[in-house]
Structure formats: structure tokens, C-alpha cells
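Q: Just the structure for this:
(one chain, ligands or ions: 2)
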Amino acid sequence: MADYSHRIITMPTTQQLKRPLLLGPWRRTFQWLTTLIIILLPWIQPDGISLVRIDIPSLSLHLFGQVLRIQELYLLLLFILAAGAGFLFITLVFGRLWCGWACPQTTLTDLAEWLAGRLKLNILANRLQGALVQKIIAHFFYLLLALLVAANLLWYFIEPQRFLSSLVTGTLHVGVFITFLVMTAIIYLDLALIRRLMCREFCPYGRIQSSFVDPATLTLHLPEQEKPRCIRCNSCVRTCPMGIDIRDGYQIECINCGRCLDACRRVMSKRDEPGLIYYTFGVDNRGVSGLLNLRVLLLGLLLIGLSGALTYATLARATASLKVSLAPTAVSKVIDNQQTSLFTVWINNRSTVIQEYHLRVTSLSGESLEIRGQTEQIPVAAGGNYQLRLMVLSPVSHQPNMVEFQLLDHRQQTVATATARISASANNQ
Ligand code: SF4
Ligand code: SF4
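A: Ligands and ions are numbered 1, 2, ... in the order given. Coordinates of the predicted model:
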């Protein structure tokens, strides 16, 4: 009796052998789910702002209800570091599973090849072969697809509704329109000519992955002890989209898609035998416990630390900022026996909804102040800035006088404070 204990998927029953358990439907479902998420994310807009969007005018990143601004560089840096650590961790554990199961490039290529198949076109040397009419129809669909994908990418920078209405009414910014056309052309060329060449030759992820592969990384291979059962039908090679032979062992071109596994299972099920190709953690099948090595653990800890720090720093930061400056063009003056100082106030609303703020100004030395200017119901748009001037009247003093500005939200909660000095030298002017 053969020993099948090296597989991470349990040995199939006789009934399963006749109808082998295939991964293809799971992979396609996962691919379409990922695609759907990518298409829908910009359309999901709680409080009117997309869940994920890069806002070029304000140089900020909208991320699931939070706004990370370029001024908050430490947050953006944390986000980039956490994303990088997550990317490396997933690569270390799952290898190129992302490429075969979720990457939009793979999904698009699968779609382009499926369409060619439906139109009875062959793909030889990456070129479509077949009747001219069918080829024209295929290229027409590739162009439509390219337009949709290019628009979808731009929705991560401009709200989809605004993008589409500007496109329809011809009011789209010329720079955006040119970007849209260039992106459409690149994606069309990718669909029509490049397809798998992108994964094989150009995509840097495959190269990075090869240097990050761990002895316990999830890989798909044909174990040595199974080779005698191979009937050399070549189904696994014929079905491989990357044109490799899995029987030769691990190759960096392999995108872990599992098509060869399905092909082999189909063939072997006709002989009432399980397939020969498996996903295992490491080519020598170390099992999940193989992942308990220093490299994976350290990277896992780093990922948890960075994600925690990012979450804390994002949630704990102030929802507004306040900056105050004594207006340089209007030095403090004594008028009618009162110290008169003109301040410029900048309010930044860091939340994702419009806010109505109030300002309170108090003297830190307890003197009574009179404020002239807008201090109540100051509306500031989501993520917006507001600038105003305030005249502060205080008793004449020869000592430097510090004043505190408090920014209150609609619940009268202090959300930001700033202090400023009324200079003693100015008091005598
Ligand atoms: S060898 Fe198998 S898993 Fe790898 S790319 Fe080819 S078909 Fe997909
Ligand atoms: S599909 Fe399976 S049996 Fe056929 S050649 Fe590939 S590994 Fe061997």
C-alpha cells in the first residue's frame, strides 16, 4: 500500500477518485471575488468618501474611513512598512499563490484566453490564430475590457461618479483624459499581445519571490516517491499556462495556480488512483510546522508590530489640528488703553465628514480677553483647511502674555489647542 502521508490534502475516497476534487472552481471563485472587490472598493463610500482612494490635490490617502495626509508622514511611512512586511510575509508562507489565485493580471489573462477559446481562436507564440472576423471580435472585447480596467484604476484617484459624469459631459481634465487613454492602450496591449509574458519576463514579484522563498514555503510539486506512478500522459504540461513541466521540480515561473494538479487528478481518477501532484509546505514536505522558523516568526512579529502601531497611531491621533500665528503685518498695538493683537488661525479638519467648530481664547495669566471675529459655528469640509483672522483685546501689560486657543467640536469637546504670545515689546507700541 502506497504511503500518502506526505500530502497536505487527505487521501481521497474511492468515490472522490471517480469524481476528483478539483481546485479549478475554487480558484476561479476566488479570482472573481478578488476582482469584484477591486472594482467595488471605490464605489463603497460611507460618508461620501471611497474606502480606498489617493487624493492627489490634498496629497492624502483615504483608507477605510481614515485619512493619512502627506503632513502625517510617519503614518504614511508606517503604512508602507506594514504593507511591505505583509507582502513579504504572505510570499514567505504562500509563495506565488497570489499570482495564480488572485492577481488581476492573471485574471485578465485568463479572461483573454477564455474569450479566445470561446471564439475558437488558438494562441500560438502569444498570438491569436484563426478566422479574421473572430480575431476582430476578440480585439474589440479586449479594448472594452481595457477601457473598464483603466477606468477602474482611475477610480482609486477620482470618485467613480465624478469620473464617469465628467467623461460623459466632456469635462474630464485633459491630463486625466490623456492618462486614461494611455492606460487603456497599455492594458489593451497587455491583453492582446503580452498576457503570460508579463508574469514570465516582466513582473518583478516573481523575481522577488524567488529570493524570498523559504524551505517551508507552500509549493506545488510532484514528490519523488510518486514519480513511478506517472504514466507520462503530459496533461500537466499541456495545461500549464506558464509552459513549464512540474515534473522537473520547483521552478520560479510556477504561479501555484494548481491547474497541473487538477489535470493529473482527472487523468489518474480514470485509473481509480489519486493524483500525483500536491501542495505541500516545502518541496520536502515539512508540513505547517516547518513555518515555525526564525525567518517567518521574525517577519510575522514585525508585521504584527507595524500593523498594531499603525492602527494605534491612526486611531489615537487628533481629529483636527489648530495653528495660530500673530499676524506679522499687524503688530500688537495699544488702542483705547487696550492691547490689540491680530492673529491668523488655521484649522484643519482631519476627519472624513464636514465639522462645525468653535474657538475659545483664554489668557494663561488669567486676564480677561475680548475676542473680535468668527469664533462660533466655523464650518470646515472633510479633510479641508480653514483660515480666519481674530482680534484679541487684552489689558495693557509690560509682561509677555500667553494666550491659549482651544478648538471645540459640535459636542463642545476640545479637539486641538495652540498657544501664542503677545510680545511684551509690542505692548509698548
Ligand atoms: S506548474 Fe502547475 S501550478 Fe505551476 S504554473 Fe504550471 S500549472 Fe500552474
Ligand atoms: S498529469 Fe500526472 S500522470 Fe500525467 S504526466 Fe503529469 S504527473 Fe504524470
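Q: Give the burial count for D245, as a bare number.
A: Close neighbours of D245, defined as other C-beta atoms under 10 Å, add up to 13. Quick note: C-beta positions are derived from backbone N, CA and C, even for glycine.
Q: and the closest residue to it other than its chain neighbours, what does it touch?
A: For D245, ignoring the flanking residues on the chain, the nearest one in space by C-beta to C-beta, 6 or more residues apart in numbering is V237 at 4.9 Å. Contacts for V237 were tallied using C-beta atoms under 8 Å, 6 or more residues apart in numbering; they are 244-247, 260.
Q: how far away is V237 from I246?
A: 8 Å (C-beta to C-beta, to the nearest Å).
Q: measure the spatially most central residue of the chain to L63 for me?
A: Nearest residue to the geometric centre of the chain (C-alpha atoms, centre = their mean): V52, 7.4 Å. In this view, V52 and L63 are 6 Å apart by C-beta to C-beta.
Q: for the stretch 251-400 of the chain, what spans make up the strands?
A: For the stretch 251-400 of the chain, strands defined by DSSP state E, counting those that start in this stretch occupy the ranges 278-281, 320-326, 333-335, 338-349, 355-363, 370-372, 378-380, 385-395.
Q: closest to F177 out of these?
A: strand 385-395 (28.5 Å; C-beta to C-beta).
Q: Please put the alpha-carbon coordinates of the closest one into PDB.
A: What follows is strand 385-395, C-alpha atoms only, in PDB (Å, rounded to 0.1, in the frame of the first residue of the first chain):
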ATOM      1  CA  ASN A 385      -8.400  73.700   5.800                       C
ATOM      2  CA  TYR A 386     -10.000  76.900   7.000                       C
ATOM      3  CA  GLN A 387      -8.200  80.200   7.700                       C
ATOM      4  CA  LEU A 388      -9.600  83.100   9.700                       C
ATOM      5  CA  ARG A 389      -8.400  86.300  11.500                       C
ATOM      6  CA  LEU A 390      -9.100  87.000  15.100                       C
ATOM      7  CA  MET A 391      -8.600  90.300  17.000                       C
ATOM      8  CA  VAL A 392      -7.700  89.700  20.700                       C
ATOM      9  CA  LEU A 393      -8.100  92.700  23.000                       C
ATOM     10  CA  SER A 394      -6.300  92.300  26.400                       C
ATOM     11  CA  PRO A 395      -5.300  94.600  29.300                       C
END
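Q: The residue nearest to the centre of the chain contacts Q66, correct?
A: No. Using C-beta atoms under 8 Å as the test, V52 is too far from Q66 to be in contact (10.6 Å).
Q: Next to ligand 1, which bits of the stretch 1-150 of the chain? Give me the list.
A: G100 (C-beta under 6 Å from any ligand atom).
Q: can you give me the strands in the stretch 1-150 of the chain?
A: Under DSSP E, counting those that start in this stretch, the stretch 1-150 of the chain gives strands at 52-55, 60-63, 66-69, 122-124, 127-129.
Q: who wins for proximity to ligand 2 among those?
A: strand 122-124 (21.2 Å; C-beta to the nearest ligand atom).
Q: What is that closest one packed up against?
A: When contacts are defined as 3 or more C-beta pairs under 8 Å, 6 or more residues apart in numbering; DSSP states H and E, strand 122-124 packs onto helix 104-118, strand 127-129.
Q: Tabulate those (a markdown table), appending mean neighbour count, mean pLDDT and distance to ligand 2.
A: Output for the helices and strands packed on strand 122-124, formatted as a markdown table (neighbours: other C-beta atoms under 10 Å; pLDDT from 0 to 100; distance: least, C-beta to the nearest ligand atom, whole Å):
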| stretch | mean neighbour count | mean pLDDT | distance to ligand 2 |
| --- | --- | --- | --- |
| helix 104-118 | 17 | 93 | 20 |
| strand 127-129 | 14 | 87 | 26 |
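Q: Would you mind giving those as JSON lines with distance to L220 added?
A: Shown next, in JSON lines, are these (distance: least, C-beta to C-beta, whole Å):
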{"stretch": "helix 104-118", "distance to L220": "15"}
{"stretch": "strand 127-129", "distance to L220": "29"}
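Q: Quick check: which of the ones you listed is nearest to H173?
A: helix 104-118 (25.4 Å).
Q: Which strands or helices does the closest one pack on?
A: Short answer (3+ C-beta pairs under 8 Å, 6+ apart): helix 104-118 packs on helix 24-40, strand 122-124, helix 132-154.
Q: cutoff 7 Å now
A: Secondary-structure packing of helix 104-118 (3 or more C-beta pairs under 7 Å, 6 or more residues apart in numbering; DSSP states H and E): helix 24-40, helix 132-154.
Q: what comes into contact with that helix?
A: The contact list for helix 104-118 (C-beta atoms under 7 Å, 6 or more residues apart in numbering) reads 31, 35, 38, 99-100, 123, 128, 138, 141-142, 145, 149, 191, 195-196, 198-199, 255.
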